[in-house]
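Student: The following comprises the amino acid sequence and a computationally predicted model.
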There are 2 protein chains.
Amino acid sequence: MPHGQSLVEQLRDNGLKLTPQRHLICQLIENNHDHPTVDDLYEQATAVMPSMSLKTVYTTLYELAGLGAIRLVNVGTGGFRVECNLSPHSHLVCRSCGKVMDVPVDPAEHADLSVLKEYDFEVEQREIIFRGLCGECAGRAGEGPGA
Amino acid sequence: MPHGQSLVEQLRDNGLKLTPQRHLICQLIENNHDHPTVDDLYEQATAVMPSMSLKTVYTTLYELAGLGAIRLVNVGTGGFRVECNLSPHSHLVCRSCGKVMDVPVDPAEHADLSVLKEYDFEVEQREIIFRGLCGECAGRAGEGPGA
DNA sequence: GTGGTAGTCAACAGTCGTTGTTATTTAACA
DNA sequence: TGTTAAATAACAACGACTGTTGACTACCAC
């Protein structure tokens, strides 16, 4: 948990109102240690609070991301995903099922390069993505087409 | 140029018909050493061949990508981009203007990690993205808001 | 050169993820 | 409790992309 604070505390400390909608979204995120899509969260939210608007989910996520409380990552699987794990790490992305997994590989260590100094570019963030097949999908691909 | 072949040659060698549309799209790609979006290519194509359909551009790009003749990369700037440079490299992505630049950093060297072996995941491709501000945008940001 | 055919195309509507607008509601604080 | 700025639901609209379909054509056999 960043700054030792819960997401709702971070919202409040930054002058944002603590509405039931935000409360619920924060809860859902904190109980989800995966990489939910916006739609995943929207579905879970409407199950509890049917009047919840998709727009509210988007807005709240952008607010939390703006505070640095979460990260929104786009791994090219269509739509971004909510990243609750703020420690430095990289991602495994399955090209078959779209699953996203964390790996404890710090991009700052593995992609901190002197060659970049030659470029007129201010690097703020490094990102490493490993694409391929997760165990499950690789297993399925290995099976014959028969049966 | 991969396999020492032009894009049209690769299409033909793989049994795909050499239509004027494909010819044009291949030409545009080969003359473009940037990272055009689908829309960029579509605009350039319709300038020459006004009847060209956006769908045809998409289809042709997917075909070329399927042959490994080009790569379609998604760097989170909305829509994918056509990557003509097939040599191993990484990308600088400006968070302000969305510009994408190549850097000669081979992901296989800088992100080839033994820790991955512990994961049930078949890595096929590695990708490093450096996000930040390009020189131009950093310059603009540095200026005061006045004047 | 001609004819047949599989492959390809343009057109267009539809999907998906995301955002803008606005009238209404509400959390926070005096 | 009243006030007010902020947040919300509803809904239409957008950009990127895809499915469908009937018309067209590059290619091959002759």
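Tutor: Done, it's in.
Student: CA only for contacts and neighbour counts going forward, please
Tutor: Noted.
Student: Which parts of chain A are strands?
Tutor: With DSSP state E as the definition, chain A shows strands at residue ranges A:71-73, A:81-83, A:90-94, A:100-103, A:121-134.
Student: Residue B:103 is nearest to which of those?
Tutor: Taking C-alpha to C-alpha, strand A:121-134 is the member of these nearest to residue B:103, at 10.9 Å.
Student: still on that earlier bit, please tabulate the strands of chain A in a markdown table and include mean pLDDT and distance to residue A:26 as additional columns.
Tutor: Below are the strands of chain A laid out as a markdown table (pLDDT from 0 to 100; distance: least, C-alpha to C-alpha, whole Å):
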| stretch | mean pLDDT | distance to residue A:26 |
| --- | --- | --- |
| strand A:71-73 | 93 | 13 |
| strand A:81-83 | 94 | 11 |
| strand A:90-94 | 92 | 23 |
| strand A:100-103 | 92 | 21 |
| strand A:121-134 | 91 | 25 |
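Student: any low-confidence regions in chain A?
Tutor: Applying pLDDT under 70 to the predicted model, the residue ranges of chain A that meet it are A:1-4, A:141-147.
Student: Around DNA strand D, which positions in it sit nearby?
Tutor: On the criterion C-alpha under 7 Å from any atom of the strand, DNA strand D has as its neighbours in chain A the residues A:15-17, A:19-22, A:51-56, A:59-60.
Student: that older thread, TSV please, covering the strands of chain A and showing distance to chain B and mean neighbour count.
Tutor: Formatted as TSV, the entries for those read as follows, by distance: least, C-alpha to the nearest C-alpha, whole Å; neighbours: other C-alpha atoms under 10 Å in any protein chain shown:
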stretch	distance to chain B	mean neighbour count
strand A:71-73	8	18
strand A:81-83	12	22
strand A:90-94	8	22
strand A:100-103	8	18
strand A:121-134	4	20
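Student: follow-up on the earlier one: who wins on neighbours among the residues of chain A next to DNA strand D?
Tutor: residue A:22 (21 neighbours; other C-alpha atoms under 10 Å in any protein chain shown).
Student: That one is in contact with residue A:60, isn't it?
Tutor: Yes. Contact status for residue A:22 versus residue A:60: in contact at 6.5 Å, counting by C-alpha atoms under 8 Å.
Student: got the domain boundaries for chain A?
Tutor: Taking automatic domain parsing as the criterion, chain A consists of the domains A:2-81, A:87-135.
Student: The ones you listed into TSV, with extra columns for distance to DNA strand C?
Tutor: Written out in TSV, the entries for the domains of chain A read as follows (distance: least, C-alpha to the nearest atom of the strand, whole Å):
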stretch	distance to DNA strand C
domain A:2-81	3
domain A:87-135	11
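Student: Would you format those as a markdown table with distance to residue B:100 included?
Tutor: Putting those into a markdown table (distance: least, C-alpha to C-alpha, whole Å) gives the following:
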| stretch | distance to residue B:100 |
| --- | --- |
| domain A:2-81 | 16 |
| domain A:87-135 | 11 |
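Student: what's the nearest residue to residue A:97 if we skip its chain neighbours?
Tutor: Leaving out its chain neighbours, the residue that sits closest to residue A:97 by C-alpha to C-alpha, 6 or more residues apart in numbering or on different chains is residue A:137, at 7.2 Å.
Student: how near is the one you found to DNA strand C?
Tutor: The span separating residue A:137 from DNA strand C equals 20 Å under the rule C-alpha to the nearest atom of the strand, to the nearest Å.
Student: one step back: so which of the domains of chain A comes closest to residue B:73?
Tutor: Set against residue B:73 and scored by C-alpha to C-alpha, the domains of chain A come closest in domain A:2-81, at 8.3 Å.
Student: Measure how far that closest one is from the centre of its chain, please.
Tutor: The chain centroid and the centroid of domain A:2-81 are separated by 10 Å under C-alpha atoms, centre = their mean, to the nearest Å.
Student: try stretch A:126-136
Tutor: In this view, stretch A:126-136 has its centroid 14 Å away from the chain centroid, taken as C-alpha atoms, centre = their mean.
Student: neighbouring contacts of it?
Tutor: Contacts made with stretch A:126-136 from outside it, assessed by C-alpha atoms under 8 Å, 6 or more residues apart in numbering or on different chains, are listed as A:75, A:90-96, A:99, A:107-108, A:111, B:111, B:120-131.
Student: Good, we can wrap up now.
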